[in-house]
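> Compute the structure for the input listed below.
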Amino acid sequence: MAQTITTSVRDMVSAATGEIETLSLDDAKALHAQGGVVFVDLRDVRELGRDGKVAGALHVPRGMLEFWVDPESPYHNETLSSAERLVLFCASGWRSALAAKALQEMGMENVAHISGGFTAWVKAGKSVEQAARKS
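Residues are numbered from 1 along each chain as shown. Have a look, this model is predicted:
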């Protein structure tokens, strides 16, 4: 028998956005130029290869974010836990909203996500670079 979904992803994202900081594109662009702020690209590696990335962003696979942030995890990434502020984004803002909420639940207060995600960033003509190809 098929499983029943009682809460939709749309509902989860809506609930998350009520509890997290969502940055406008202009606010995100202003932060992009500041030191101590790390832009975190949560998209799949195939999305990066196809579409590029926000200039200077750190790619973190969505499924590894919580592990990379936690200093007690064997996968810890010092860049994430030592940043003054994290700005998360995905393609449209859904994954990044859920990720920002998860990081807040872990105790991080310096996290936000970009309204509309990478798609909106590109449409607004903000800086994009090609993602490094893995050989």
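> what's around Gly35, how many residues?
Residues lying near Gly35 (other C-beta atoms under 10 Å) number 5. All C-beta spots, glycine's among them, are computed from the backbone N, C-alpha and C.
> Distance of it relative to Glu84?
Per C-beta to C-beta, to the nearest Å, Gly35 is found 8 Å from Glu84.
> Next: Pro61.
23 Å.
> the more surrounded of these two?
Pro61 (13 against 10).
> Please save the CA atoms from the helix or strand harbouring Ser14 in CSV.
Following DSSP states H and E, one finds Ser14 within helix 9-17. Presented in CSV, the C-alpha positions along helix 9-17 are these (Å, rounded to 0.1, in the frame of the first residue of the first chain):
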residue,chain,number,x,y,z
VAL,A,9,6.8,19.9,0.7
ARG,A,10,5.1,23.2,-0.1
ASP,A,11,3.6,23.3,3.4
MET,A,12,7.0,22.5,4.9
VAL,A,13,8.7,25.3,3.0
SER,A,14,6.0,27.7,3.9
ALA,A,15,6.4,26.9,7.6
ALA,A,16,10.2,27.2,7.4
THR,A,17,10.1,30.6,5.7
